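K.L.:
Can you look at this prediction? I've put the sequence above it.
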Amino acid sequence: SVVGNEAIPIFSRGRVSASEVRQITNEVPGLVKRVSDNLKKGARVKEGDLLVQLDEQPYILDIAQKQADLDRVKLELVKIKAKAIVAQKGLQENASEYARHIPQVRHASSQVAAAEAALSYAKKQLKKTTINAPIDGKVVELTITEGEYINATSSLAKIYGTQTVDVRLPLNDQQIEILGLANENDLIFEGRPIGPQVTLRSYQNRDSRWLGFITRTEGERDINQLIYVLAQVSSDAPFNSAQKPLLPGSFVEAEIEGKPVNNLQIIPRNAEQANNTVWVIDENEQLRRKIVDIIYRGKKQAYLRSGLTKNDRVVTGSFHLMAEGLKVHAALSSSELFPHKTVSVASQ
């Protein structure tokens with residue numbers, strides 16, 4: 001009856017969402033000079049690809065003006081330093097700072113520093129007229145056209161990353177405990193997930209599967225007192241790279257692999273009776289009731305900590321007219337998934 005160090009599978013359902021979503025905005029205003037052919041709804045873009053080019057001319061002119069301002073204040077600094085050298089000749093030791101041209105030189109130096117900062121800022125503004133893709137991803141929204149004048153911080157497009165997706169899965173306290181997540185918040189170590197493995201199946205195509213890992217738990221309960229965990233699926237993983245892409249917005253069923261439990265026993269769900277009991281058939285072909293210690297009730301199986309022995313024949317199916325000591329005739333059921341012999345009562 002002992003299965004060994006088996007893991008209890010936990011089932012849940014959730015909706016797929018992109019792990020990384022970027023809202024593309026512009027930092028500077030300007031006329032839209034060019035929109036890339038790659039910037040179309042549904043198109044894929046690579047990190048660094050040109051998305052939008054704004055008109056650079058106003059910013060080129062501003063740089064020229066800032067360069068002229070810098071040259072002017074530098075020339076003024078040279079003049080004031082020269083005057084300071086002349087003025088300091090023959091001055092007494094107790095001459096004022098103004099007489100020695102110290103504040104004049106300091107002011108001219110500050111003007112140069114301010115002009116240099118203004119020129120540097122203007123050059124950065126020019127660079128911002130070129131808007132590139134921040135990540136590898138897919139375009140899901142586009143709100144810009146060529147020839148349009150846009151203000152700063154306008155929304156241009158939305159891109160979601162295609163390398164990883166998240167699935168938000170609701171679990172109750174018992175399931176959280178079985179998975180060993182009660183005291184875990186961050187399940188990523190040195191950039192690699194260390195949480196329980198998750199197998200995802202699509203409702204649209206039951207043959208499609210993806211493997212992922214629980215990477216974190218949320219810090220609050222929902223209105224139904226459930227706790228949500230986040231499963232992350234990487235498209236670069238060896239198993240997933242051979243599958244169809246798992247698209248955001250898809251609904252999936254998740255099977256989460258729990259921590260191994262020592263001496264775990266498994267029976268069909270339809271073998272369980274009320275008050276944590278099951279019917280077994282003894283060596284005299286008579287019914288006996290046994291109390292079992294149930295850890296968790298799954299979709300099709302019940303998982304026990306103790307209560308059965310290896311040779312116990314567990315009765316499945318209907319329990320009407322059952323009585324302790326009743327002599328029965330057993331028909332062996334299909335029981336490949338269970339360590340015990342599962343039988344159904346054929347006649348009494």
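P.N.:
That came through, no problem.

K.L.:
Show me where the stretch 51-200 of the chain has its helices.
P.N.:
Counting by DSSP state H, counting those that start in this stretch, the stretch 51-200 of the chain has helices at residues 57-88, 102-127, 173-179.

K.L.:
Pull the contacting residues for the closest residue to Arg44 other than its chain neighbours.
P.N.:
With sequence-adjacent residues excluded and distances taken as C-beta to C-beta, 6 or more residues apart in numbering, Arg44 is closest to Lys138, at 5.3 Å. From N, CA and C alone the C-beta is placed, and that goes for glycine too. Applying C-beta atoms under 8 Å, 6 or more residues apart in numbering to Lys138 gives the contacts 42-45, 159-160, 162.

K.L.:
Roughly how far does Lys138 sit from Ser234?
P.N.:
16 Å (C-beta to C-beta, to the nearest Å).

K.L.:
Same question for Ser19.
P.N.:
Counting by C-beta to C-beta, the gap from Ser19 to Ser234 is 9 Å.

K.L.:
same check, this time on Ala117
P.N.:
Separation of Ala117 from Ser234 (C-beta to C-beta): 43 Å.

K.L.:
Of the two, which one has the most company?
P.N.:
Ser234 (18 against 12; other C-beta atoms under 10 Å).

K.L.:
I'd say the more buried one and Gly212 touch.
P.N.:
Yes. Counting by C-beta atoms under 8 Å, Ser234 touches Gly212, with 7.3 Å between them.

K.L.:
pLDDT score for the closest residue to Asn172 other than its chain neighbours?
P.N.:
Nearest non-adjacent residue to Asn172, counting by C-beta to C-beta, 6+ apart: Leu226, 5.9 Å away. In this model, Leu226 is scored at 91, pLDDT.

K.L.:
any idea which of the helices of the stretch 51-200 of the chain is most buried?
P.N.:
Compared across these, helix 173-179 shows the largest average neighbour count, a mean of 18 (mean count of other C-beta atoms under 10 Å).

K.L.:
for that one, packing partners?
P.N.:
strand 6-18, strand 227-234, strand 251-261, strand 293-297 (3 or more C-beta pairs under 8 Å, 6 or more residues apart in numbering; DSSP states H and E).

K.L.:
The same query, at a cut-off of 7 Å, please.
P.N.:
Counting contacts by 3 or more C-beta pairs under 7 Å, 6 or more residues apart in numbering; DSSP states H and E, helix 173-179 packs against strand 6-18, strand 251-261.

K.L.:
who touches it?
P.N.:
Outside helix 173-179, the residues within contact range by C-beta atoms under 7 Å, 6 or more residues apart in numbering are 8, 10, 182, 196, 227, 256, 258-259, 296.

K.L.:
Would you mind measuring from Gln225 to Asn284?
P.N.:
In terms of C-beta to C-beta, Gln225 sits 48 Å off from Asn284.

K.L.:
closest to Thr130 out of the helices and strands packed on helix 173-179?
P.N.:
Comparison of the helices and strands packed on helix 173-179 against Thr130 by C-beta to C-beta identifies strand 6-18 as nearest, at 25.1 Å.
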